[in-house]
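Colleague: A predicted structure for the sequence below; I have some questions about it.
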Amino acid sequence: MAKKVLIVDDAIFMRNMIKEIFVSGDFEVVGEAANGLEAVEKYKELRPDITTMDIVMPFKSGIEATREIIKADPKAVVVMCSALGQESLVMEAIEAGASDFIVKPFKSEDVLSVVRKVLGGA
C-alpha cells in the first residue's frame, strides 16, 4: 500500500513540484496545506505517514506546526524543507521533532531517499 503524504508549503509551485516527486515515487499525496495552521489541522484530519514541512510560512511557522503535530502524535514523521542559509532553523526544527530535512532546490532522488530513510526503507 502506498505511503500517504501531506505536503506543506506556502508556495503552490513548490507544493506541485513536491507532489510530482512523490507521485513518481509511488506515494499517495493525501493533502496539501499552505501554512502552519492548515498543516496542523490537515495532519490531525488525514494522519499521513509522512509530512513535508516548509520552515518559513505565514500564520504559523513550520517549526511551530511541527511542535504541535509531534505533541499530538509523537510518532509523526515530519521532514523539513529549507532553503540554503537556514541551518539554524533546521536545527531548531529537528529539536522540535522533525525526523530529517531536505534543502531547496532539491532533486527528486534526494527527496525520495531522505523520505525512504525516515520511513525505514519504505
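Modeller: On my side now, so go ahead. Numbering: from 1, shown residues only.
Colleague: any figure for the gap between Glu87 and Lys107?
Modeller: 19 Å (C-beta to C-beta, to the nearest Å). Every C-beta, even on glycine, is put in place using the N, C-alpha and C of the backbone.
Colleague: repeat that for Val56.
Modeller: Between Val56 and Lys107 the distance, using C-beta to C-beta, works out to 21 Å.
Colleague: check Ile12 too.
Modeller: 20 Å.
Colleague: leaving out the residues flanking it, which one is nearest to Arg67?
Modeller: Excluding its sequence neighbours, the residue lying closest to Arg67 (C-beta to C-beta, 6 or more residues apart in numbering) is Ala96, at 4.6 Å.
Colleague: the residue most central in space within the chain pairs with what?
Modeller: Residue closest to the mean C-alpha point of the chain, counted by C-alpha atoms, centre = their mean, is Thr52 at 1.1 Å. Beta-bridge pairing of Thr52, defined through DSSP bridges, involves Ile7, Val79.
Colleague: and Asp26, that's in a helix?
Modeller: No - counting by DSSP: H, G, I helix; E, B strand; the rest coil, one finds Asp26 to be coil, located in no helix.
Colleague: could you find the closest non-adjacent residue to it?
Modeller: With sequence-adjacent residues excluded and distances taken as C-beta to C-beta, 6+ apart, Asp26 is closest to Ala2, at 5.8 Å.
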